[in-house]
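# pasting the sequence and the predicted model now:
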Amino acid sequence: MNDRTKDVFFKRKITYILVFAVFIAVYLVSAFITEYHMQEGLASFPKAMAWIGENLFPDEKAIRRFPKIIEKLTETALLSVAVTVIAAVFAFLFSLFGSKATGFHGAINRIVRIFAAFFRNVPDVVWAMLLMFSFGQNILTGFFALFFTTFGLLTRAFIETIDEVSASGIEALKVSGADFVQTVFQAILPSALPGVITWILYMIETNIRNSTLIGILTATGIGYLFDIYYKRLDFSSASLVVVSIIVLVIAIELISNLIRKVIL
């Protein structure tokens with residue numbers, strides 16, 4: 001090993017040590033400001049597990065409420081699917097203008113990308129809080145809160161998916177005299193469809209999880225039901241809600257994987 005190689009390894013070692021030291025310093029400062037003590041947290045963990053074992057198992061009263069939980073869970077799932085599908089339609093249309101592969105002017109590409117970035121970077125919880133001033137606590141607020149974030153995320157994802165489409169096929173159709181609609185349906189959509197479907201399925205799974213928290217804010221769906229049980233200190237019913245959400249998310253993921261295998 002020559003001197004130059006030794007210098008490179010030494011500089012890397014110093015860099016790793018400095019980065020690690022910075023992380024430790026940030027943790028210590030944060031812990032001091034927030035008065036967080038790791039040893040106390042670790043010591044309380046066994047007690048927390050014991051409390052969960054005593055209080056979070058569904059009892060007879062929780063089982064009687066199971067039909068109501070299923071009703072609200074279905075409402076949340078259907079809302080998530082509806083939001084994702086509608087947002088996907090609008091996102092795909094906007095992504096055609098934001099993709100460089102479609103040949104639109106660069107200024108239009110940038111405007112669409114900035115527009116998508118704005119909606120993508122504002123969390124759905126923030127959208128829900130803003131929209132409650134206008135629409136109040138109802139399912140419409142939750143719908144738009146999820147829609148805006150989903151629209152931004154899918155627009156960006158679809159733009160990248162369309163950009164990966166073979167440019168030669170698009171150019172061949174344009175040379176043969178195909179118009180924009182024909183190019184979209186004969187070149188772009190067939191090539192981009194696997195990626196589009198994958199992103200839609202992913203967003204359905206994500207929105208089911210996010211809609212639970214949105215429901216607490218907007219007083220709708222399974223999130224609102226969990227909030228009611230939790231505030232009543234009815235932990236057994238609240239735990240049944242949590243278990244139902246987990247089962248639903250796992251089921252949706254399994255169905256999504258099956259659809260990917262069949263279609264893609």
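Happy to help now that I have it. Here the structure is a predicted model, which means the values were calculated and not measured.

# residues touching residue 156, list them.
113, 116-117, 120 (Cβ atoms under 8 Å, 6 or more residues apart in numbering). Where C-beta positions appear, they are placed from N, C-alpha and C, glycine not excepted.

# for residue 7, give me the pLDDT.
Residue 7 is assigned 69 on the pLDDT scale.

# who wins for neighbours among the contacts of residue 156?
residue 116 (23 neighbours; other Cβ atoms under 10 Å).

# pLDDT score assigned to the nearest residue to that one once chain neighbours are set aside?
Nearest non-adjacent residue to residue 116, counting by Cβ to Cβ, 6 or more residues apart in numbering: residue 155, 3.8 Å away. According to the prediction, residue 155 has pLDDT 93.

# measure how buried the residue nearest to residue 36 when sequence neighbours are not counted is and give me the count.
Once flanking residues are discounted, residue 36 sits nearest to residue 30: 7.4 Å by Cβ to Cβ, 6+ apart. Residue 30: 10 surrounding residues under other Cβ under 10 Å.

# so residue 30 versus residue 18, what's the distance?
Relative to residue 18, residue 30 is positioned 19 Å away (Cβ to Cβ, to the nearest Å).

# so of the contacts of residue 156, which ones are in helices?
Judged by DSSP state H, the contacts of residue 156 include 113, 116-117, 120 as members of helices.

# let me have those in TSV, extended by distance to residue 251 and pLDDT.
Output for these, formatted as TSV (distance: Cβ to Cβ, whole Å; pLDDT from 0 to 100):
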residue	distance to residue 251	pLDDT
113	35	88
116	30	89
117	33	90
120	27	88
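
# most widely separated two among those residues?
Across these, the longest distance by Cβ to Cβ is 10.1 Å; it joins 113 and 120.

# so where does residue 172 fall, helix or strand?
helix 167-175 (DSSP states H and E).

# report the rounded mean pLDDT for that helix.
68.

# cool, and stretch 183-195?
Stretch 183-195 comes out with an average pLDDT of 78.

# same question for stretch 73-89.
92.

# still on that earlier bit, helix or strand for the residue nearest to residue 36, which one?
In this structure, residue 30 sits in helix 3-34 according to DSSP H and E.

# what helices or strands is that helix leaning on?
Of the remaining helices and strands, none touches helix 3-34 by 3 or more Cβ pairs under 8 Å, 6 or more residues apart in numbering; DSSP states H and E.

# may I see the contacts of residue 156 organised as CSV, with distance to residue 215 added?
CSV is the format used below for the contacts of residue 156 (distance: Cβ to Cβ, whole Å):
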residue, distance to residue 215
113, 31
116, 26
117, 27
120, 22
